[in-house]
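Chemist: Quick one: sequence plus predicted model below, questions after.
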Amino acid sequence: MKGCLIPLLLLATLHLDSTTGATPCKKSSPKCLTKYLATTFVSGDACKTAATALLQCLKDENICSDEHTRMCALFQRRNCAPVQCGGAAYHSVFLSSIDPARVKNNSQFLSSRPHLAGTPQDKVTAQEAERRFKAAGMETKIDEFPVLLSYPLKRSLEITAPAAEAKTFTIEETEEPSTGQKYWDEAAPPFNGFSASGDVTGEVVFANYGRYEDYDAIKSVDLKGKIVICRYGRIFRGTKVQLAEARGAVGVLIYLDPADVGPAKGAVYPKGPWANNSTVQRGTVYVGNGDPLTPGWPSVPGGPIRDMKDVYDADTPAPATPLPTIPSQPIGAEIAAQLLKGLTGNPLPNKDWATYGITNIGPGPRQVKLSVKMNTTRTNIWNVFGRVEGAVEPDRVVYMGVHRDAWTYGTVDPISGQAIMWEIAEVVGQMLKAGWRPRRTIQFCSWDAEEYGLMGSMEYVEKQISQLLTNAVVYLNMDTAIESNQTITCRGVPSLLAVVNEVLSEVSINSTTSAQAIFRGGIGAPGGGSDHGGFIRHATVTVGELRFRPDKGQPDPYGAVYHSNYDSMYWVENFADPGWKAHGQLAQAMGLLLLKFADKPVLPFSLTDYTDFLAKSVTKLAKQPGVVVTSMQTALKRLQTVTASIAQQQADLASKTETSADWATYRALNDKLMYFERVWRGDKALTGNEYRKHVLFAPAKYNSYAGTTFPAVTDALFEKDVKKANFLIQRLALYFTAAADYLTDSL
């Protein structure tokens, strides 16, 4: 009798909804009520068949979506839920349940104290992440393991000549009591992670932004024994140090230039968003990814590691990346001004180098002494996971990840992303309690030690590579999620563009406008510098992320406080997202993107968008002098025809109501879509690096932040080797052919 009471009560509710007119949905029909009763006294496959018929009736008769949700909750409890229950009925519930106030509270908890990787406060955040996932009803795990990290013991900088200018600098940021920031003394002082230790003295030479082209512009200047000073921006700081070391410099100083991110742009912190004269950007100068002691294999407690001396050996074979052997130190603009003004020696190569009114770049007359002492040691870090097993395809996994660790407070980087992920997990937990289960497995990942070189995520990828190659559907990343509240941007694999547009059309920014109205459009190639790196480059898993940034063409003040003590709750509340609405909107968008991949019977990849992107990239490549892309164009034309056919298959299946008899058909098509990214696994000659496997996407060789398409070709052209570029283009054309063969099951 108990089994009959629940359906009868739900039947009454269904009737009540359809007779009161409380919702704008169509009233119930006798046809649906009859099908509802048919589910009451059956079980197993018969129940699932009857439930499928009922849900189709609800859809056909335009019955309120709340009824669909309640029906699915009932069928979940009776273990006969049809596949439609893992879908859109809950997605509107998800959107309405996101609470920006909770996101703000998450941010307050996570960024109220500095939490550098491997420190006690970092562990506190890991434990809280696990508690949040567990409270949401997920299976959880904290994975603790050691990696090589570095912490500052001593940092000093002094002018030693001319004698009249001799002085010692204090390299610290000015505490601003008006911002309400506490635990200032717990923040790590300004330093570069993995800087070499050393006491070096040398004349100062200005190298602009420290890019390859900057060093090329001063190739006649002897940098041996000199200390290079360069400004932040344009490329990854580690590349600046790497290039200076290659030219014989004994040390590097890096500063935030006021013309780029300081008073020249507007009011400075705390009165405005821009850098004040003491602002210093911390950061790693390691150009590799993952634990330097375990390149190519996972770091586990008691596992094999390299000798410490080998991590500095430039001749160590790939995939190892050597650590710098010269000291480096970030400094504030006030100190930089005293080092740069009055330089003599070589004139500025061109007007683009102008700063502080200087006319010469050195060397001379200024000489400085830089002393850095680091504690570079193995330290435990903590990855945290929350997992929801899929009801229909538990062996297909949709990943979402964000790192927790920060150089200091990190309210934007990375806590805007981590706080959003916690909110998504919270609402997913509410849905689980209501009876929903995802079709596919969902795994939330709270990574550690990203700031030092993607340590946590890369070690996970190395450890789980077989599982990722087999089971990973997509990896959705967040990091510096909210730099502004103006425009949404996307970077990732092009096959995500259609579903991103679909998601943004369903997220509202006000009563009349969807988030699509503030989407910048298009999708940028996945670069480096965040935790998607291992997934796309090593495991060839589709990756993507959304973030809020300033409107196109507008200045981006976040770069002024990035990795400084001023990346704080105060900065976000006053200059980035007052009211935290953008945080809530991005939580809706990223969460809905997650749910569409977890729930849709047909995976929402668009391979036609992928081939359109490739066509544009090939056209752009063809404009390079001497480059011949005929082989690519021929192969791509066939691939475009094939992907159009796949798109039609997707549309045909998506228009049907799935039954258990169709499961194999859906599975076969979804596997083709999911594994399409694996087609692009290649060798060092086409990826530019033995450890990187993706032939289409990789960070630029001379800037590991930036994403490039056809990386080996791009590198060859950068080095002006057109013959090599054309040979690699012909090899890439074979991958286009292989991709078409894969999709058509050709022999």
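Modeler: Happy to help now that I have it. Numbering: from 1, shown residues only.
Chemist: what about residue 242, distance to residue 288?
Modeler: According to CB to CB, to the nearest Å, residue 242 stands 11 Å off from residue 288. Using the backbone N, CA and C atoms, a C-beta is placed for each residue, glycine as well.
Chemist: quick one, helices of the stretch 601-747 of the chain?
Modeler: 607-622, 630-654, 663-675, 684-687, 711-718, 722-744 (DSSP state H, counting those that start in this stretch).
Chemist: packing partners for the fourth one?
Modeler: For helix 684-687, the helices and strands in contact under the criterion 3 or more CB pairs under 8 Å, 6 or more residues apart in numbering; DSSP states H and E are helix 711-718, helix 722-744.
Chemist: I'd like those helices as JSON lines, with mean pLDDT appended.
Modeler: JSON lines is the format used below for the helices and strands packed on helix 684-687 (pLDDT from 0 to 100):
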{"stretch": "helix 711-718", "mean pLDDT": "92"}
{"stretch": "helix 722-744", "mean pLDDT": "97"}
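Chemist: On the three-state scheme, residue 476 is what?
Modeler: Classification of residue 476 using DSSP: H, G, I helix; E, B strand; the rest coil returns strand.
Chemist: which SS state does the closest residue to it other than its chain neighbours fall under?
Modeler: Closest residue to residue 476 apart from its sequence neighbours, by CB to CB, 6 or more residues apart in numbering: residue 400 at 4.6 Å. Reduced to three states with three-state DSSP, the structure at residue 400 is strand.
Chemist: For residue 400, name its beta-bridge partners.
Modeler: For residue 400, the beta-bridge partners under DSSP bridges are residue 444, residue 476.
Chemist: contacting residues for it?
Modeler: Contact analysis of residue 400 by CB atoms under 8 Å, 6 or more residues apart in numbering lists 421, 424, 442-445, 475-478, 590, 594.
Chemist: and which of the residues you listed is nearest residue 562?
Modeler: residue 478 (15.9 Å; CB to CB).
Chemist: measure the nearest residue to that closest one once chain neighbours are set aside to residue 301 for me?
Modeler: Counting by CB to CB, 6+ apart, residue 417 is the residue found nearest to residue 478 once chain neighbours are left out, at 3.2 Å. Note on residue 417: its distance to residue 301, by CB to CB, is 28 Å.
Chemist: now do residue 503
Modeler: 40 Å.
Chemist: and if you look at residue 176?
Modeler: 41 Å.
Chemist: Next up, phi/psi of residue 212, please.
Modeler: For residue 212, the backbone dihedrals (degrees, to the nearest 10) come out as phi -60, psi -50.
Chemist: residue contacts, the residue nearest to it when sequence neighbours are not counted?
Modeler: Closest residue to residue 212 apart from its sequence neighbours, by CB to CB, 6+ apart: residue 702 at 4.5 Å. By CB under 8 Å, 6+ apart, the contact list for residue 702 reads 211-212, 235, 239, 243, 718.
Chemist: out of those residues, which are buried?
Modeler: 211-212, 235, 239, 243 (16 or more other CB atoms under 10 Å).
Chemist: ok, so of these, who is nearest residue 55?
Modeler: Nearest to residue 55 among those, counting by CB to CB, is residue 235 at 53.8 Å.
Chemist: Surely that closest one and residue 210 touch.
Modeler: Yes - at 7.1 Å, residue 235 and residue 210 qualify as touching, with contact defined as CB atoms under 8 Å.
Chemist: Looking at residue 176 and residue 301, which is more packed in?
Modeler: More neighbours surround residue 176 than the other of residue 176 and residue 301, with 18 against 8 (other CB atoms under 10 Å).
Chemist: Dump the buried ones among the contacts of residue 702 into a markdown table; add distance to residue 698, secondary structure and pLDDT as well.
Modeler: As requested, these are exported to a markdown table (distance: CB to CB, whole Å; DSSP: H, G, I helix; E, B strand; the rest coil; pLDDT from 0 to 100):
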| residue | distance to residue 698 | secondary structure | pLDDT |
| --- | --- | --- | --- |
| 211 | 18 | coil | 96 |
| 212 | 17 | helix | 94 |
| 235 | 15 | coil | 94 |
| 239 | 14 | helix | 95 |
| 243 | 19 | helix | 96 |
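Chemist: give me the number of residues near residue 469?
Modeler: 16.
Chemist: quick one: which helix or strand includes it?
Modeler: helix 465-471 (DSSP states H and E).
Chemist: tell me what that helix is packed against?
Modeler: strand 393-403.
Chemist: Return the distance of the strand it packs on from the chain's centre.
Modeler: On the basis of CA atoms, centre = their mean, to the nearest Å, strand 393-403 sits 14 Å off its chain's mean C-alpha point.
Chemist: Report the angle between the next helix-or-strand element following it and strand 393-403.
Modeler: With elements assigned by DSSP H and E, the helix or strand that comes after strand 393-403 is helix 415-434. Angle of helix 415-434 versus strand 393-403, following axes from the mean of the first three to the mean of the last three CA atoms, to 10 degrees, is 150 degrees.
Chemist: Cheers, nothing more for now.
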